[in-house]
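> one predicted model, sequence on top.
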Amino acid sequence: MMNYSTNEMMTVAAARRLGNDSVCFVGIGLPSKAANLARLTHAPDVVLIYESGPIGAKPSVLPLSIGDGELAETADTVVPTGEIFRYWLQGGRIDVGFLGAAQVDKYGNINTTVIGDYHQPKVRLPGAGGAPEIAGSAKKVLIILKQSHRTFVDKLAFITSVGHGEGGDHRRQLGLPGAGPVAIITDLCIMEPEAGTNEFVVTSLHPGVTREQVVENTGWAIRFADKVAVTEAPNETELTALRELEARTAAAHGQAGGEE
Amino acid sequence: MMNYSTNEMMTVAAARRLGNDSVCFVGIGLPSKAANLARLTHAPDVVLIYESGPIGAKPSVLPLSIGDGELAETADTVVPTGEIFRYWLQGGRIDVGFLGAAQVDKYGNINTTVIGDYHQPKVRLPGAGGAPEIAGSAKKVLIILKQSHRTFVDKLAFITSVGHGEGGDHRRQLGLPGAGPVAIITDLCIMEPEAGTNEFVVTSLHPGVTREQVVENTGWAIRFADKVAVTEAPNETELTALRELEARTAAAHGQAGGEE
Amino acid sequence: MAEILTLREAVQRFVNDGDTLALEGFTHLIPTAAAHEIIRQGRKDLTLVRMTPDLVYDLLIGAGCAKKLIFSWGGNPGVGSLRRLRDAVEKGWPQPLEIEEHSHADLANAYVAGASGLPFAVLRAYAGSDLPKVNPLIRSVTCPFTGEVLAAVPSVRPDVTVIHAQKADGKGNVLIQGILGVQKEAALAARHCIVTVEEIVDDLKAPMNACVLPAWALSAVCPVPGGAHPSYAHGYYERDNRFYQDWDPIARNRESFTAWIDDFIRGTADFSAFQEKMGQARLAAQEAE
Amino acid sequence: MAEILTLREAVQRFVNDGDTLALEGFTHLIPTAAAHEIIRQGRKDLTLVRMTPDLVYDLLIGAGCAKKLIFSWGGNPGVGSLRRLRDAVEKGWPQPLEIEEHSHADLANAYVAGASGLPFAVLRAYAGSDLPKVNPLIRSVTCPFTGEVLAAVPSVRPDVTVIHAQKADGKGNVLIQGILGVQKEAALAARHCIVTVEEIVDDLKAPMNACVLPAWALSAVCPVPGGAHPSYAHGYYERDNRFYQDWDPIARNRESFTAWIDDFIRGTADFSAFQEKMGQARLAAQEAE
């Protein structure tokens, strides 16, 4: 078995969640990396849609921006951004919304707006982008981000994009069409919403990761499912595809595909 | 001077109302013929927009349908029909809406829907098409149709597309953005709205036409402006251009450009 | 995900009695072959949606397939009336036809709203027009910022949309070029979309920003060369203006119309058989002249 | 009707202090040269609208041109924060910056509504999000058919929109290809639109359904080759990823930023002089390595 980093484990675990033939609305950075890894391995027919306009993008290197020329050149078609949000996302045609986050809470709500008070911010984050409506309208949502006390927080300063809201059937009460987040994939584990409460609980630990590590790196009292699996380690096919993708990206851009 | 028909006079008189550089939303049939005659004579830069999608069409023969291939091939661009109505018409970018009609009343309101009761129609006409919103949103409107007792009626069975409504400032009260119809051009005369009442009165008689003829062919008590001009007869340039256009059309389609 | 099917299979699988059906194509790429096949299969009680009913809906209405028509302009372009549509509205033959009437701007916006997953469309329309008096589905909304009152109309969301396009690739991705009308919106507004195409090619060679409908947004792609006749397919064939003129006497009375569809549509196995029969009839007519 | 002008003339004629200004371009075709020229001409109190403020608005905000920002995602793509934007929001330097914050779907719809001449846009958005709590312009409307409550947002209708495109013809008709973003809508939503282009050609050779803005819908067309740097112009040059990285230390503190714009923008006569100076500086930096 090959050695691999925790970041590689995270990307591979996220990629595996994308089925072939699914239509995926891809955020830039980690989601884009995982989605393209899926396309280059088990899901060659996954359809990647970027908010800048490309539908069916098949980039050979990772984009640095959400609208790199490579995305347009490899797409089945390139439509206006308004159409992406109107006909394709709101129109109910996205199977999977694949999001990153600055912070997430136990119900899969996401903050990408601000740390501290909105009007007197400690840290001003980039803002919503496409996430609120991806989180609302995609049939399901996957969230990928590195786990730490600062990113997995008990109480978000700001809910930019809703997950399961206050838990339970709150999301349904809000009238949102999509099912919301079905998994959070981190460098330590996979969390999934518990039936009933819709609180995210750990359902799979990556190989070698302990429960204590997860607890230490989570800002709320994280719980574990009755049965916690061990994530299958990245196999050679996955790792090779990922590393070649990153190498092509570095060669093309002089930098890695954005992690942010 | 060349001989000419009353239909030719009507088309030429209508064409003259289109300024160069004006942006014209063109209905099929008589409006399309007059607008293209303008483009082929004094207004080479007039911009013709058809509801099917062509912007800046420059057909060498008259279209039989509102979406003939010739319109697409000669246009600056071809956009979806929804965009025509949304960005270009409702967006306030049309200088002149050029409409035909089945019936018109003294305030320039148009019926293209039904003769008799709507639910028990004597004659079912084609319906609204693009006219209600062209009549509403174009900065000004020109109406072209052959004059008769049956087409210039005192009371419309149905107002499909509004002109000056009930007259006076009724149109403004309705909140319509455009100025409404500024002329009705017929095979007998030109009518324009009287200041204040916005009732259409005859402001120019075509050469050889008498007031009696106009009165006989109008279903309401038509009035004449204080000064009634005599329309300038079609000149050789205009007639030649019109006849060549019609000849090209007949040769291409095996029929004349639709009069309906 | 689009399957590549015969038109017969596609209509069998996706078009049901009672469905709301949109056959779109704005003078260009009108899906005539699909209308024929729906008549052949004897579908009933359809609610037909189309901006310009044209000959395709004159056919479906006269053949007794429709109970309701949602439209904005019903004529035979460049010729005159739609005789079967008028007979149904004015005389209730072959059955009463409920009509729901809009303007082009309204229906175009309603398709856009349908494609956008919205229940209604907002537009500046109808002030001073009598149409809202006869169509209770033309309502209003007030802008929460300016107080302006605008028209609100229900979005169009057909059970099935059928359009015709120039070509598809082997996966079922479709390219439309030229006059686009509301086809893309009609396709995306529907639960199922069937696309008939002139041909299936290896590579669409689509310009980067062309109108492409991806296979996964469609239900069926059916090769039907000539399937838009008598309208045209840009780059393939021109509008058959003669047929639009010939249609008027055929559709003018009930007997000649019924004889025509019994002979040419119900009496042919598919569109290609129709084309052959029509070609022979025209040849015979020419020789008789 | 578009006049073909220098960028300097176009900004002098159409951009005024206090205007609402949209510089659009979604990672592609960002109108950087126009932002420079607005700084050179010292415009003040602008309300800036843009989905992704990017480096262009970091420049304008840091240079003191802006009093308000309407946006939906403010970062340096692939690098990190916009330092000048954050300094203005967090510390009020060089002046307080009012922010009005939306999501991408909201602003994209708001541009569409602006281009459509509507006062507001309707979309399914924001349920469960805190954004409506901090943006009183996110309101709601109720569907008059289904009763569904949807988000209503004001349309964007700038005084001036500036976009960059690949080419124009001699009349001023503009062709945009590749990633289109919201440029067409931003152009048509504005009272005036300035388009900077890579080149002016005899014939656009535009595919039939390409994104073409007709000259008569524009105010000015300005040839500015390279004017979208450090973003890219599809078919002309690639994204200068290095510049996005280099921007971070320049913008990181007030002194280095001010020195940079004094030197490279206020200290150059136009974009071509900027390009020359930038080229020399990069050469010198390479030699020093």
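In hand now; what should we look at?

> hey, let's count contacts and neighbours off CA atoms from now on
Noted.

> please name the nearest non-neighbouring residue to the residue of the stretch 101-250 of chain A found nearest chain C.
Nearest residue of the stretch 101-250 of chain A to chain C, counting by CA to the nearest CA: A:Ser137, 10.0 Å away. Sequence neighbours aside, A:Gly178 is the residue nearest to A:Ser137 in space, at 4.9 Å (criterion: CA to CA, 6 or more residues apart in numbering or on different chains).

> quick check: the one you found is in a strand.
No - assigned with DSSP: H, G, I helix; E, B strand; the rest coil, A:Gly178 falls outside any strand and is coil.

> helices of the chain, residue ranges please.
You didn't pick a chain, so chain A it is. A:6-16, A:30-40, A:69-74, A:81-83, A:131-137, A:170-173, A:211-216, A:236-253 (DSSP state H).

> you answered for a different chain; I wanted chain C.
Counting by DSSP H, the helices of chain C are C:7-14, C:32-40, C:54-62, C:83-91, C:104-115, C:131-134, C:183-189, C:241-252, C:254-260, C:271-288.

> does any bit of the last one sit next to chain B?
Going back to what we said before, that points to helix C:271-288. No - counting by CA under 8 Å from any CA of the partner chain, chain B is not contacted by helix C:271-288; separation bottoms out at 15.6 Å.

> test my guess that A:Val46 contacts A:Arg39.
Yes - in this structure A:Val46 lies within contact range of A:Arg39 using CA atoms under 8 Å: 5.9 Å.

> need the overlap of contacts for the two.
Both A:Val46 and A:Arg39 are in contact with A:Asn20, where contact means CA atoms under 8 Å, 6 or more residues apart in numbering or on different chains.

> and the closest residue to C:His192 other than its chain neighbours, what is it in contact with?
Leaving aside its chain neighbours, C:His192 sits nearest to C:Val160 (4.7 Å; criterion: CA to CA, 6+ apart). Applying CA under 8 Å, 6+ apart to C:Val160 gives the contacts C:Phe14, C:Val15, C:Asp19, C:Thr20, C:Leu21, C:Ala22, C:Ala190, C:Arg191, C:His192, C:Cys193, C:Ile194.

> swap in 10 Å and give it another go.
C:11, C:14-16, C:19-23, C:186-187, C:189-194, C:219 (CA atoms under 10 Å, 6 or more residues apart in numbering or on different chains).

> same deal with C:Asp159?
C:Asp159 touches C:14-16, C:18-22, C:47, C:189-193, counting by CA under 10 Å, 6+ apart.

> got the phi and psi for it?
phi -60, psi -40 (degrees, to the nearest 10).

> residues of stretch C:34-41 that come out buried?
C:Ala34, C:Ala35, C:His36, C:Glu37, C:Ile38, C:Ile39, C:Arg40 (16 or more other CA atoms under 10 Å in any protein chain shown).

> ah, wrong one, I meant stretch C:92-100
Buried-residue list, stretch C:92-100, by 16+ other CA under 10 Å: C:Trp93, C:Pro94, C:Gln95, C:Pro96, C:Leu97, C:Glu98, C:Ile99, C:Glu100.

> so what's the first one scoring on pLDDT?
C:Trp93 carries a pLDDT score of 97 in this model.

> please name the spatially closest residue to it (chain neighbours excluded).
C:Asp87 (5.9 Å).
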